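>>> Okay, predicted coordinates and the sequence, questions at the end:
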Amino acid sequence: MSTTAETAPRALSRRRMRVDGWRWTGRIFLAFMLLYTAVPMIWMLITSIKSGFAALQFPPQWWPDEPTLASYEKLLDPQNSVGQDFLRFFWNSLFVSTVTTILSVIVAVPAAYAFSRFSFPGRNFLFFAVLLRNMFPAVIFLVPLFILMRLLGLMNTHGSLILTYLTFGLPLAIWLLKGFYDNIPVQLEQAARIDGATRFQAFILIVMPLSTPGIIATAIYSFIGAWNEYIYAYTFLTKNDQLTLPVGIQRFFSENTTDFPGLMAASFMMSVPVVVLFLVLQRYFVRALTEGAVKH
Amino acid sequence: MAYVVLKDLVKSYGSFKAVNDVSLTVNDGEFVALVGPSGCGKTTTLNLVAGLIPMTSGDIVIGDRVVNDLDPKDRDIAMVFQNYALYPQKSVYKNLAFPLQMRKLPRDEIDKKVKEAARVLDMTHLLERRPRELSGGQQQRVALGRALVRDPAVFLMDEPLSNLDAKLRVQMRSEIKRFHQDLKATIIYVTHDQLEAVTMADKMAVMNGGYLQQYDSPAQVFAHPVNMFVASFIGSPAMSLIPLQASTANGNSVLTSAEGWSFELSPRNARKVARATTRKVVLGARHSTIKLRNSAVPGAIPAKAYTVEPTGDVTFVQAFLSGAIVNVSVPPNIAVAPDEQIWLEFDQERMHLFDGETEMALKAD
């Protein structure tokens, strides 16, 4: 009797210690990951406020002696040729990414809804055909798409990039959204149709508001994909005034002197829209709108 | 309010017929329950009436109009779903107002009707809440409110109580029944729970395998099931069905079992058995019509008690007889132990006889 009474708490504490051990392993891992992702970002930020000379010093200055915003001023100044280029690249990227995002949402929403709700001949085949594109590395399609774009007369246009980015983004957008529509009970639409809505009204008034988080997630996904893409932009565009940011930054600074603070400031500003987008819209990712709608 | 007629309704998916030539009439103000096991076609039938799925052939009439090709919105119906299907992004008020908004009613009229419905269902204090902030019973009530706010010709209900816990289910059962009496509403109610059908409905349509088996008042269905399926599906515990052999002994009609016992039939029952297509006859008896004896009496059949389930005011005994399970209910003061030898006495007046081949009930005349 007494032995069990003594061993029981010890067994309990041993179990708790094991749980704690795992928890601490997890925390250390997370801390390491944070370091791994945050340090380059911080270093980028610190370098961007150094002078050109300080950036090349060794041992490095952990914190610049004379922090300066000169690089930012230069990049954002439309009078200066560097600023003109940077602002143009920024605008090009914004244009290509925004149009890609809008088009992919416009196409993906009805496509995903159809895949989720209707049964039609070839439905499964089409659905997997849509995914097939994503099973190959992007580079494989570089040459075929290049030839295609030339035939279409789209070389050196932003249209070529938008079309290409849609072929990347759409399959996943459709797939992602279909998952969302699958989770919206079909009875909600049926109820709306009985309550006096047409099929289309039921979709617009009931299903669309419920799938907003999915649509926003999809939009962010396509936006980021288009915003960061490098290889295709590098291949399809040759005229300086058409370049998007990733290519523009790379080309511009390798042509001039390696202006590290300028490069880092440009990189930092390139990441700003993505981060802002994420921070503003992230609550949509976590909001479980359909909770409590139906009982499962 | 209005009547509903289904005529030769068929819904097939490829070669599979989910609903097979179903014809029935629901009179104005009647509460009809479609009841049957899962996959019997009852929900499909309801969805056909609602217009949510297209029918293969047949006719549906709602209040003098053939609605075969009308959209759900034009059929003047309201529906309560099993999972309630409340619009999660809308408050209770907006859920109730939605059907009225879709019909473009003026705002003050919508407000009046919503508040009236909320008052009737005693949920005025819940109007500003979202569905997820409500309990199951409250959600159920909102679903009901959304149906009644519009004053439709017919109410369709698809297992509205099956997501509630047992206690709430009984309470909502009487509320829906009250709702039907007060509104004189025409209601088609789908359920797999025969008890719900028996207690609530004016008429019940028992379905199996896509076919309508029997359509009558619960009392009639209970007293005169048309076939073995209906007999075993309606009533709890289920009617005992014992396969036997018809023969004659000393010029009298008797039923014999494979185990060797037999009993003599009354003249009326003998006439029934004479109509069977083969000699195979199935004896059906409800638990309350069988007498349990602790000792042999003339006419009683020996059996062995298998399980004994006391429920308080009545004790259910299960016994094996000729390979069939026989349910018997006895007063709680009668002591029976499992594996004990017992004798069962069947009531000739209240027993059912079925054709062993066609499974249809045998009739005396």
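Great, that's in hand. What you see is a predicted model; the values in this text were computed from it and never measured.
>>> Double-check that residue B:316 belongs to a strand.
Yes. Under DSSP: H, G, I helix; E, B strand; the rest coil, residue B:316 falls within a strand.
>>> Relative to residue B:287, how far out is it?
Using Cβ to Cβ, to the nearest Å, we find residue B:316 at a distance of 7 Å from residue B:287. All C-beta spots, glycine's among them, are computed from the backbone N, C-alpha and C.
>>> cool, residue B:239 as well?
From residue B:239 to residue B:287 the distance is 8 Å (Cβ to Cβ).
>>> same check, this time on residue A:179
From residue A:179 to residue B:287 the distance is 50 Å (Cβ to Cβ).
>>> what's the answer for residue A:88, then?
Counting by Cβ to Cβ - residue A:88 and residue B:287 are separated by 88 Å.
>>> With neighbour numbers in mind, choose between those two.
residue B:287 (21 against 17; other Cβ atoms under 10 Å in any protein chain shown).
>>> Tell me how many other residues crowd whatever residue of the stretch 51-200 of chain A ends up closest to chain B.
Nearest to chain B, among the residues of the stretch 51-200 of chain A, is residue A:196, at 3.1 Å (Cβ to the nearest Cβ). Residues lying near residue A:196 (other Cβ under 10 Å) number 21.
>>> and it, what helix or strand is that in?
Taking DSSP states H and E as the definition, one finds residue A:196 inside no helix or strand.
>>> Quick one: residues contacting the nearest residue to it once chain neighbours are set aside.
In this structure, residue A:196 finds its nearest non-sequential neighbour in residue B:102, 3.1 Å apart by Cβ to Cβ, 6 or more residues apart in numbering or on different chains. By Cβ atoms under 8 Å, 6 or more residues apart in numbering or on different chains, residue B:102 lies in contact with A:192, A:195-197, A:201, B:73.
>>> between these, which is nearest residue B:291?
Proximity of the contacts of residue B:102 to residue B:291 (Cβ to Cβ) peaks at residue A:195, which lies at 55.1 Å.
>>> Let's verify residue B:25: helix, strand, or coil?
Quick answer, by three-state DSSP: residue B:25 is strand.
>>> Settle this for me: it is touching residue B:2, isn't it.
No. The criterion here is Cβ atoms under 8 Å, and residue B:25 misses it with residue B:2 at 11.8 Å.
>>> coming back round to it: intersection of neighbour lists for residue B:316 and residue B:287?
Common neighbours of residue B:316 and residue B:287 (Cβ under 8 Å, 6+ apart) are B:237, B:327-329.
>>> Keep only those of these that are in helices.
Using DSSP state H, no member of the shared contacts of residue B:316 and residue B:287 falls within helices.
>>> Among those residues, which lie within strands?
Cross-referencing these against strands under DSSP state E gives B:327-329.
>>> Up against chain A, what does the stretch 51-200 of chain B have?
B:52, B:71-73, B:75, B:77-79, B:81-89, B:98-99, B:102-103, B:130-134, B:136, B:139, B:146, B:150, B:163 (Cβ under 8 Å from any Cβ of the partner chain).
>>> When you filter those down to buried only, what's left?
B:52, B:72-73, B:75, B:77-79, B:81-89, B:98-99, B:102, B:130-131, B:134, B:139, B:146, B:150, B:163 (16 or more other Cβ atoms under 10 Å in any protein chain shown).
>>> Which one of the contacts of residue B:102 is nearest to residue B:336?
Looking across those and measuring by Cβ to Cβ, the closest to residue B:336 is residue A:195, at 55.6 Å.
>>> ok, the nearest residue to that closest one once chain neighbours are set aside - contacts?
When the adjacent residues along the chain are set aside, residue A:195 lies closest to residue B:99, with 3.8 Å between them (Cβ to Cβ, 6+ apart). Residues near residue B:99 by Cβ under 8 Å, 6+ apart: A:195-196, B:78, B:146, B:149-150.
>>> Is residue B:99 within a helix or a strand, and which one?
Using DSSP H and E, residue B:99 falls within helix B:92-102.
>>> Count the neighbours of the nearest residue to residue B:236 once chain neighbours are set aside for me.
Residue nearest to residue B:236 in three dimensions, not counting chain neighbours: residue B:195, with 6.4 Å by Cβ to Cβ, 6+ apart. Each residue near residue B:195 was counted by other Cβ under 10 Å, and the total is 15.
>>> Mind exporting the C-alpha coordinates of stretch B:66-80 to PDB?
Provided in PDB are the C-alpha atoms of stretch B:66-80 (Å, rounded to 0.1, in the frame of the first residue of the first chain):
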ATOM      1  CA  VAL B  66     -47.800  21.800 -60.600                       C
ATOM      2  CA  VAL B  67     -44.400  22.800 -59.400                       C
ATOM      3  CA  ASN B  68     -42.300  20.200 -61.300                       C
ATOM      4  CA  ASP B  69     -40.100  22.800 -63.000                       C
ATOM      5  CA  LEU B  70     -40.200  25.600 -60.500                       C
ATOM      6  CA  ASP B  71     -37.200  26.800 -58.500                       C
ATOM      7  CA  PRO B  72     -37.300  26.200 -54.800                       C
ATOM      8  CA  LYS B  73     -37.800  29.900 -54.200                       C
ATOM      9  CA  ASP B  74     -41.000  29.900 -56.300                       C
ATOM     10  CA  ARG B  75     -42.600  26.800 -54.600                       C
ATOM     11  CA  ASP B  76     -43.900  28.700 -51.500                       C
ATOM     12  CA  ILE B  77     -42.300  26.300 -49.100                       C
ATOM     13  CA  ALA B  78     -40.100  26.600 -46.000                       C
ATOM     14  CA  MET B  79     -37.600  24.000 -44.800                       C
ATOM     15  CA  VAL B  80     -36.000  23.200 -41.500                       C
END
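>>> Can you check what pLDDT the model gives the residue in the stretch 201-350 of chain B that chain A sits nearest to?
With Cβ to the nearest Cβ, the shortest gap between the stretch 201-350 of chain B and chain A falls at residue B:210, namely 20.5 Å. Looking at residue B:210, its pLDDT reads 94.
>>> what's near enough to touch it?
B:17-20, B:22, B:40-41.
>>> List the contacts of the helix or strand containing residue A:249.
Per DSSP H and E: residue A:249 is located in helix A:245-255. Residues from elsewhere that reach helix A:245-255, judged by Cβ under 8 Å, 6+ apart: A:82, A:85-86, A:88-90, A:92-93, A:227-230, A:233-234, A:237, A:243, A:259, A:262-263, A:266-267, A:270.
>>> Just those residues: which are in helices?
Per DSSP H, these map to helices at A:82, A:85-86, A:88-90, A:92-93, A:227-228, A:233-234, A:262-263, A:266-267, A:270.
>>> Of all the residues in chain B, which one is nearest chain A?
residue B:132 (2.0 Å).
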